[in-house]
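Peer 1: Below are the sequence and a predicted model; questions follow.
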Amino acid sequence: MQILKVGDSQKAACEHCQSFQTAILQLKDVPFSDGNGLAKNVLVGVCEGCGQVILMPHQSTPSVKKQYEVQRKALESRVPAHMIDILNLVSFELSGGTEFVPNLVKFYLHSLSNNSICSSGIAAYLQSELAQGKAQKRLSLKGRQVSEQMAQLKAMTNIKSTTDLLKGIVLKIHDDLLVNRDENTIKQLKSIVAATA
Ligand SMILES: [Zn+2]
């Protein structure tokens with residue numbers, strides 16, 4: 001198999017130009033074949049005549065496949081808007097900015113599912129005032145272990161719905177980090193912020 005590099009060129013058939021054209025190899029974001037989402041930075045051949053992607057070298061297949069799987073594994077749920085505010089506030093206080101939100105939730109998901117943070121109070125949070133509200137904002141978590149850890153935590157807490165479990169996690173974060181200010185966890189999270197900044 002010939003390995004191609006960025007900037008290489010190859011002849012390929014272009015449907016748009018209805019002829020054989022020179023395809024220049026470039027890194028591009030390309031839509032998945034089912035039209036749902038994009039594979040980022042994939043080496044493809046772009047038609048010199050019309051700029052369309054006309055060639056997908058075999059060497060790019062594993063990267064596309066991997067990105068497809070990772071994106072399909074994303075867990076999505078809707079929660080009340082104030083829950084996103086809580087997560088934003090906590091991330092802001094940790095100096096992580098709002099882009100730290102998914103990592104914050106994943107840290108809790110991980111710590112709760114392996115018992116390094118106690119999960120026994122989570123179900124009770126769902127009875128609280130803050131658990132109320134229309135689920136209007138999207139919370140999405142990506143990562144290989146997310147579904148597995150969610151399943152584990154559902155079994156541990158006896159909470160069956162994914163949305164309820166996410167709400168419980170957010171309210172646990174609220175209680176630990178904003179209300180009671182657990183300095184130990186705050187310190188751990190701050191070092192993660194620093195390491196990923
Ligand atoms: Zn073309």
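Peer 2: Perfect, I can see it now. Numbering: from 1, shown residues only.

Peer 1: all contacts plus neighbour counts: C-alpha atoms, from now on.
Peer 2: Will do.

Peer 1: Excluding covalently adjacent residues, which one is nearest to the spatially most central residue of the chain?
Peer 2: Centroid check for the chain by C-alpha atoms, centre = their mean gives residue 142 as the closest residue, at 2.8 Å. Using C-alpha to C-alpha, 6 or more residues apart in numbering and skipping the chain neighbours, the partner closest in space to residue 142 is residue 74 (4.3 Å).

Peer 1: list the contacts for the one you found?
Peer 2: Contact analysis of residue 74 by C-alpha atoms under 8 Å, 6 or more residues apart in numbering lists 140, 141, 142, 143, 146.

Peer 1: Pipe those into TSV and attach distance to residue 153 and pLDDT per row.
Peer 2: Conversion of the contacts of residue 74 to TSV gives the following (distance: C-alpha to C-alpha, whole Å; pLDDT from 0 to 100):
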residue	distance to residue 153	pLDDT
140	17	90
141	15	90
142	17	82
143	16	75
146	10	87
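
Peer 1: Most neighbours of all those residues, which one?
Peer 2: Using other C-alpha atoms under 10 Å as the neighbour criterion, residue 141 leads the contacts of residue 74 with 19 neighbours.

Peer 1: per the record, what domains does the chain have?
Peer 2: Domain ranges of the chain: 9-72, 75-196, per automatic domain parsing.
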